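>>> Sequence and computational prediction follow.
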Amino acid sequence: MKFIKQFSQKAILAATLTLSVSAMAEQALDLDSLLKTLEQGQASQNQQNSTREADFMAKQDQQVAKLNELTQKRNSELSRSERFETQFEENEIKLQNLTDTLSKRMGSLKELFGVLQQVAGDSSTKFQTSVVSAQIPGRSDFMDEMAKKMGSTSRLASIEDIEKVWYELQREMTEQGKVTRFNSEVIVAGGQKANKEVVRVGAFNLISDGKYLTYNPVTSTLSELTRQPVSRFTETAADLQNANSGVVDFALDPTGGSILGLLVQAPNTEEQVHQGGAVGYVILGVGVLALLIALERFISLMIMGTKINRQLKDSTARDDNPLGRVMKVKDQYPNVAYDTLELKLSEAILREMPKITRNLTLIKIISVVAPLLGLLGTVTGMINTFQAITLFGTGDPKLMAGGISQALVTTVLGLVVAIPTVFLYTILNTRSRNLLLILQEQSAGIIAERSEKGA
């Protein structure tokens with residue numbers, strides 16, 4: 001304390017001297033005035049120090065009293081902690097004894113409650129994902145609570161709880177064999193909700209307005225599948241919803257939606273065509289071109305055949321059909337020899353041949369080129385697949401299968417175009433040859449008639 005007091009006095013004195021010297025320097029006092037001022041400042045400082053020392057001594061007694069109070073409080077809390085520790089150990093011994101007593105008294109019921117806990121837990125998961133919960137909600141909550149109760153050693157199941165577990169299991173089995181109708185909110189395309197009639201087929205599928213629905217167990221909501229399966233499945237759904245009694249064919253998913261989810265992921269015909277890429281579009285383009293040419297040739301040959309058949313029944317030659325134009329050669333050269341007439345008729349038939357066989361060669365070329373284009377697309381697709389394997393490896397079989405599938409689409413498109421094109425070419429070629437045979441037959445008859453006259 002003495003050291004602190006001396007240090008404080010010296011520090012205060014130094015600060016006072018500094019301030020006084022600064023002030024005196026500003027006022028430019030003489031040495032006597034400066035000495036007098038320093039004496040007055042020292043006296044004032046001594047008085048302040050005495051006052052501060054007295055205050056500090058008074059507060060020191062208060063600090064000592066507060067320290068003693070806190071020490072007593074600490075000792076009291078330590079004693080209390082020791083009592084609580086002793087009580088905790090005694091309670092643990094009592095709890096262990098009571099647990100052992102409970103286990104002995106439960107006997108075989110303990111195994112029963114364990115099985116009940118397992119059944120309740122498994123059923124809770126089953127009920128949560130079952131489509132029956134879309135019509136009968138809240139069943140999984142009871143099973144969850146039952147499983148937690150059975151997991152606790154301080155709570156036992158009552159007869160009513162056990163009977164309710166049995167009832168819920170029996171109701172689930174019963175509902176699996178029913179086709180029921182109920183109204184519920186359904187999320188349609190676009191995210192909007194609408195109250196609709198829903199048909200539940202056992203614990204397997206849900207349909208509404210002829211569309212398959214999916215049940216979200218997390219939000220307990222029904223929504224239409226973003227993408228419906230092919231029409232042969234949706235037609236059965238519409239038939240079932242419109243039926244009031246009797247037996248109706250229905251495309252049932254026994255997995256509860258897993259197979260249906262895979263079916264809707266499979267690409268449809270339009271998507272498979274798009275998988276063919278640029279080569280596939282070229283194949284389809286030449287196929288459409290072949291179809292249009294074949295249609296035009298079929299109509300032209302049919303009209304031409306009708307006119308030729310009409311000409312066969314009429315002895316007057318007409319210019320609106322090939323046979324009539326060939327027959328006019330006989331009238332144009334009435335006096336020439338039969339060998340000269342034969343050449344003239346052959347010339348007339350040759351003039352008619354391009355009109356009859358027009359564009360048939362193009363159809364034949366398309367029937368040959370289409371498979372080659374398909375092979376080109378397949379080879380290109382396989383190259384892309386192997387490049388992907390080089391970059392990403394073979395760890396993902398779907399990557400390889402998808403690439404190979406896309407590559408084979410062009411082959412399928414090439415065959416789809418080539419096969420009917422071959423049939424069309426054969427039919428049209430046969431029909432055109434038949435018309436040419438009629439012209440040659442009639443030409444031979446004219447030559448024979450002229451030869452008989454010349455003889």
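On my side now, so go ahead. Residues are numbered from 1 along each chain as shown.

>>> Only C-alpha atoms from now on, for both contacts and neighbour counts.
OK.

>>> Contacts made by whichever strand or helix holds residue 324 with the rest, please.
Element membership for residue 324 (DSSP states H and E) is helix 322-332. For helix 322-332, the surrounding residues in contact (Cα atoms under 8 Å, 6 or more residues apart in numbering) are 304, 308, 311, 316-319, 341, 344-345, 348-349, 352, 439, 442-443, 446.

>>> Mark which of those residues are buried, thanks.
304, 308, 311, 317-318, 341, 344-345, 348-349, 352, 439, 442-443, 446 (16 or more other Cα atoms under 10 Å).

>>> Show me which positions of stretch 190-202 end up buried.
Buried residues in stretch 190-202 (16+ other Cα under 10 Å): 197, 198, 199, 200, 201, 202.

>>> Help me confirm that the fourth one is found in a strand?
This means residue 200. Yes: counting by DSSP: H, G, I helix; E, B strand; the rest coil, residue 200 is located in a strand.

>>> buried residues in stretch 427-436?
Using 16+ other Cα under 10 Å as the burial criterion, the residues of stretch 427-436 that qualify are 428, 429, 431, 432, 435, 436.

>>> These into JSON lines, with extra columns for secondary structure, pLDDT and distance to residue 244?
Output for the buried residues of stretch 427-436, formatted as JSON lines (DSSP: H, G, I helix; E, B strand; the rest coil; pLDDT from 0 to 100; distance: Cα to Cα, whole Å):
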{"residue": "428", "secondary structure": "helix", "pLDDT": "93", "distance to residue 244": "53"}
{"residue": "429", "secondary structure": "helix", "pLDDT": "93", "distance to residue 244": "56"}
{"residue": "431", "secondary structure": "helix", "pLDDT": "92", "distance to residue 244": "55"}
{"residue": "432", "secondary structure": "helix", "pLDDT": "92", "distance to residue 244": "58"}
{"residue": "435", "secondary structure": "helix", "pLDDT": "90", "distance to residue 244": "61"}
{"residue": "436", "secondary structure": "helix", "pLDDT": "90", "distance to residue 244": "64"}
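
>>> Including distance to residue 32, could those residues go into TSV?
Output for these, formatted as TSV (distance: Cα to Cα, whole Å):
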residue	distance to residue 32
428	143
429	144
431	148
432	148
435	152
436	153
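
>>> The chain: strands as residue ranges?
With DSSP state E, the ranges of strands along the chain come out as 179-187, 193-201, 205-208, 211-216, 221-224.

>>> Least confident secondary structure element in the chain?
helix 2-27 (a mean of 45; mean pLDDT, DSSP states H and E).

>>> mind checking which of the strands of the chain is nearest residue 137?
strand 221-224 (10.6 Å; Cα to Cα).

>>> Rounded mean pLDDT for the closest one, please.
For strand 221-224, mean pLDDT is 86.

>>> Next: stretch 40-47.
73.

>>> circling back to that earlier point, please identify which pair of the buried residues of stretch 190-202 lies farthest apart.
The farthest-apart pair in these, when distances are taken by Cα to Cα, is 197 and 202, at 15.7 Å.

>>> For residue 66, grab the count of nearby residues.
The local packing of residue 66 (other Cα atoms under 10 Å) involves 11 other residues.

>>> and it, what pLDDT?
For residue 66, the predicted pLDDT is 84.

>>> Please give me every residue in contact with it.
Contacts of residue 66 (Cα under 8 Å, 6+ apart): none.
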